[in-house]
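A.B. asks: Pasting a predicted model and its sequence here:
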Amino acid sequence: MAGVEQPLTSKGFRFLSIGLTITLLLTILTLAYSAYENFAYISKYLYLDESPAQLSINGTHLTFSNLTVANRGVYPWSIVLAGEVLLQEVKLGSASTSEIIISPNELKRIDLTLPLDFTQVYRDYNLLKMILFNNTFASLKFVANVKLQPFIAASLKGTRVIKIGAVLDGLTFRLRNIKPLNETHVKAEIEMDFTNTSPIAINGLLYASLPSAKERNLRYAASRLEVFAQPSQHYVGHFIFTLPQDELRIGAWYGLELKFDIFDNIYEWRAAFKV
């Protein structure tokens with residue numbers, strides 16, 4: 001019995017179906033390749049120590065820069081980079097870029113600048129103490145929302161650690177000289193110095209008083225000292241006290257009572273010096 005030949009229309013649909021299947025498979029493979037290349041590439045440049053991207057902070061802004069990304073696939077893709085800076089649980093600032101489109105074989109540099117607000121830190125007594133006297137670490141948490149247009153989207157997350165040095169690093173008080181003022185009193189000059197190892201410019205008023213070693217509840221106050229130090233600056237200032245001649249004894253230790261007014265927030269502590 002002779003076979004029945006399939007109609008030409010049926011054969012055409014069959015070949016069309018095979019062609020569409022092959023095209024779909026090639027498209028899927030191309031998409032997978034583009035997604036893998038681009039997502040792997042951006043992950044490498046965003047995460048932790050593998051990235052050549054740089055962090056810099058000037059006290060009012062943090063900049064995440066030198067993030068250069070390329071489209072290694074065959075489809076255009078886009079990226080939106082968002083970040084926030086935290087000191088412990090206190091949010092210092094956040095920002096994001098607009099959507100950046102990167103065409104195939106195109107290379108673009110992405111920078112992200114975040115404004116910093118230390119108001120909440122200054123209001124938190126423990127945090128203020130920490131940044132004044134200790135090295136601290138803030139964290140930059142970021143999210144890169146990547147889209148392989150118009151098919152695939154993913155969110156890549158990462159964290160960078162930022163070292164913040166002590167504002168009053170190496171704070172020291174020392175008696176510089178004692179000069180007679182009259183028959184009963186002297187002027188005592190006490191020097192204060194520190195190095196601002198943080199990226200934050202410090203600006204505040206420092207008040208110092210010296211409890212009497214002879215009379216209870218008696219304190220001698222010096223004129224307030226305006227303290228202003230840029231990052232990496234070594235600061236030296238002087239307090240002048242007017243004291244009775246017999247108030248200071250050679251070889252004795254004395255305690256200063258200090259109040260630092262920084263943006264209308266007060267931090268108090270005691271420091272010692274030797275005569």
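C.D. replies: The structure has been received and is ready for your questions.
A.B. asks: can we go C-alpha only for contacts and neighbour counts from here?
C.D. replies: Will do.
A.B. asks: Number of residues surrounding the residue nearest to residue 139 when sequence neighbours are not counted?
C.D. replies: With Cα to Cα, 6 or more residues apart in numbering as the criterion, residue 139 has its nearest non-adjacent residue at 4.6 Å, and that residue is residue 161. Neighbour count for residue 161, taken as other Cα atoms under 10 Å: 15.
A.B. asks: what do you get for residue 243?
C.D. replies: Around residue 243 there are 21 residues (other Cα under 10 Å).
A.B. asks: Would you mind measuring from it to residue 79?
C.D. replies: The spacing between residue 243 and residue 79, counted by Cα to Cα, to the nearest Å, is 67 Å.
A.B. asks: so is the residue nearest to residue 139 in a helix, a strand, or just coil?
C.D. replies: Classification of residue 161 using DSSP: H, G, I helix; E, B strand; the rest coil returns strand.
A.B. asks: Run a quick check on it versus residue 138, I expect a contact.
C.D. replies: Yes: using Cα atoms under 8 Å, residue 161 is in contact with residue 138, at 6.0 Å.
A.B. asks: how about low-confidence regions in this structure?
C.D. replies: 1-53, 73, 148-152 (pLDDT under 70).
A.B. asks: Domain ranges for it, per the record?
C.D. replies: Residue ranges for each domain of the chain read 24-163, 169-274, as given by automatic domain parsing.
A.B. asks: Need the distance between the two termini of the shortest one.
C.D. replies: Using Cα to Cα, one end of domain 169-274 lies 20 Å from the other.
A.B. asks: List the single closest residue to residue 253 in space, sequence neighbours excluded.
C.D. replies: Using Cα to Cα, 6+ apart, the nearest residue to residue 253 is residue 274, at 4.4 Å.
A.B. asks: Next, count neighbours for that neighbour.
C.D. replies: By the criterion of other Cα under 10 Å, residue 274 has 14 neighbours.
A.B. asks: ok, it to residue 190 distance?
C.D. replies: The separation that residue 274 has from residue 190, given Cα to Cα, amounts to 10 Å.
A.B. asks: and for those two, which residues touch both?
C.D. replies: 174-175 (Cα atoms under 8 Å, 6 or more residues apart in numbering).
A.B. asks: can you give me the strands for the stretch 1-150 of the chain?
C.D. replies: For the stretch 1-150 of the chain, the strands identified by DSSP state E, counting those that start in this stretch occupy 54-57, 61-70, 77-87, 90-96, 100-102, 107-115, 136-148, in order along the chain.
A.B. asks: and of these, who's closest to residue 156?
C.D. replies: Nearest to residue 156 among the strands of the stretch 1-150 of the chain is strand 136-148 (5.0 Å), distances taken as Cα to Cα.
A.B. asks: now for the closest one, which elements pack on it?
C.D. replies: Contact here means 3 or more Cα pairs under 8 Å, 6 or more residues apart in numbering; DSSP states H and E; on that basis strand 136-148 packs against helix 8-46, strand 77-87, strand 152-164.
A.B. asks: quick one: it to strand 90-96, angle?
C.D. replies: Here the directions of strand 136-148 and strand 90-96 differ by 30 degrees (axes from the mean of the first three to the mean of the last three Cα atoms, to 10 degrees).
A.B. asks: Now tell me what touches strand 136-148 from outside.
C.D. replies: Looking at strand 136-148 with Cα under 8 Å, 6+ apart, the contacting residues turn out to be 34-35, 39, 75-88, 130, 153-166.
A.B. asks: Any buried residues in that strand, and which?
C.D. replies: Of the residues in strand 136-148, those buried under the neighbour-count criterion (16 or more other Cα atoms under 10 Å) are 136, 138-148.
A.B. asks: Can you list the strands that it pairs with?
C.D. replies: strand 77-87 (antiparallel), strand 152-164 (antiparallel) (DSSP bridges).
A.B. asks: Of those, which is nearest residue 251?
C.D. replies: Taking Cα to Cα as the measure, the strands paired with strand 136-148 were each checked against residue 251, and strand 152-164 came out nearest at 37.1 Å.
A.B. asks: Which SSE is immediately downstream of that closest one?
C.D. replies: strand 169-180 (DSSP states H and E).
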